[in-house]
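S.K.: Pasted the sequence and its predicted model underneath.
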Amino acid sequence: GAVVSQHPSRVICKSGTSVKIECRSLDFQATTMFWYRQFPKKSLMLMATSNEGSKATYEQGVEKDKFLINHASLTLSTLTVTSAHPEDSSFYICSARDGAGVGEQYFGPGTRLTVT
Amino acid sequence: KQEVTQIPAALSVPEGENLVLNCSFTDSAIYNLQWFRQDPGKGLTSLLLIQSSQREQTSGRLNASLDKSSGRSTLYIAASQPGDSATYLCAVRDSWGKLQFGAGTQVVVTP
């Protein structure tokens, strides 16, 4: 199957700083990438959908100025958590869709963010 | 709004027993349904994908059924092994391509 990577796998940052997470599709072109957040023992919550070359579409309740998403190429999307606070600590997972419409989504290994 | 529920939230069985995991969804207008496995601190591994027109999918010891009209899917894992211990998530996809996940069933298989 197709491979999606994320970097870093875990990051610790101080409150008030910003942190960037990268999501790459390694062997296919991803027209659409998704960013999810997962709380302990909870389901994945879709944060936003990004299409290459256009602005991301955020889900209700997700602050777009806090969670900046850039999808500059068909193989790379980035999520920047700006002015991070301890409540932003979570597990962030990206996924990439192979093709348009309802092609299969492939998931990255996730990034554990801890804000101290 | 689509809601996906997984019951039970946690399950512990002795090695060798069959596992039965349930997933229900409120809106039957789905494109497909997918079962994933997630190990602690890791991403998702796709196990089975059932298209809305299909009734079941099988892969090795895994079998997933889908009854779209009643909004239910069941994942069966035969002859469970300790290596099957993980959290199992189901997700339904709508016609726009969005996935809606359940909260998962945490499975422990004891040797």
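M.R.: In hand now; what should we look at? Small disclaimer: the values here were computed from a predicted structure and weren't measured.
S.K.: immediately after the helix or strand where residue B:35 lies, which helix or strand?
M.R.: In the assignment (DSSP states H and E), residue B:35 maps to strand B:32-38. Next in sequence after strand B:32-38, counting helices and strands by DSSP H and E, comes strand B:44-51.
S.K.: That next one pairs with which strands, parallel or anti?
M.R.: strand B:32-38 (antiparallel) (DSSP bridges).
S.K.: what does the strand it pairs with contact?
M.R.: For strand B:32-38, contacts defined as Cβ atoms under 8 Å, 6 or more residues apart in numbering or on different chains pick out A:102, A:107, B:23, B:25, B:44-52, B:62, B:64, B:66, B:73, B:75, B:86-93, B:99, B:104. All C-beta spots, glycine's among them, are computed from the backbone N, C-alpha and C.
S.K.: helix, strand or coil for the most centrally placed residue in chain A?
M.R.: Closest residue to the average C-alpha location of chain A: residue A:35 at 3.5 Å, with Cα atoms, centre = their mean. The three-state label given to residue A:35 by DSSP: H, G, I helix; E, B strand; the rest coil is strand.
S.K.: didn't residue B:94 look like it was pressed against residue B:26?
M.R.: No: with contact defined as Cβ atoms under 8 Å, residue B:94 does not count as touching residue B:26 (11.9 Å).
S.K.: Please say which of those two ends up with more neighbours.
M.R.: Looking at residue B:94 and residue B:26 with other Cβ atoms under 10 Å in any protein chain shown, you find the greater number of neighbours at residue B:94, namely 15 against 12.
S.K.: Please list the residues of chain B that sit near chain A.
M.R.: B:4, B:31-32, B:36, B:41-46, B:49, B:89, B:91, B:93, B:95, B:97-99, B:101-104, B:106 (Cβ under 8 Å from any Cβ of the partner chain).
S.K.: Now do the strands in chain B.
M.R.: All strands of chain B, identified by DSSP state E, fall at B:4-7, B:10-14, B:19-25, B:32-38, B:44-51, B:56-59, B:62-67, B:72-77, B:86-93, B:99-101, B:105-110.
S.K.: Would you mind finding the most buried of those?
M.R.: Ranked by mean neighbour count, the strands of chain B are led by strand B:86-93 with a mean of 24 (mean count of other Cβ atoms under 10 Å in any protein chain shown).
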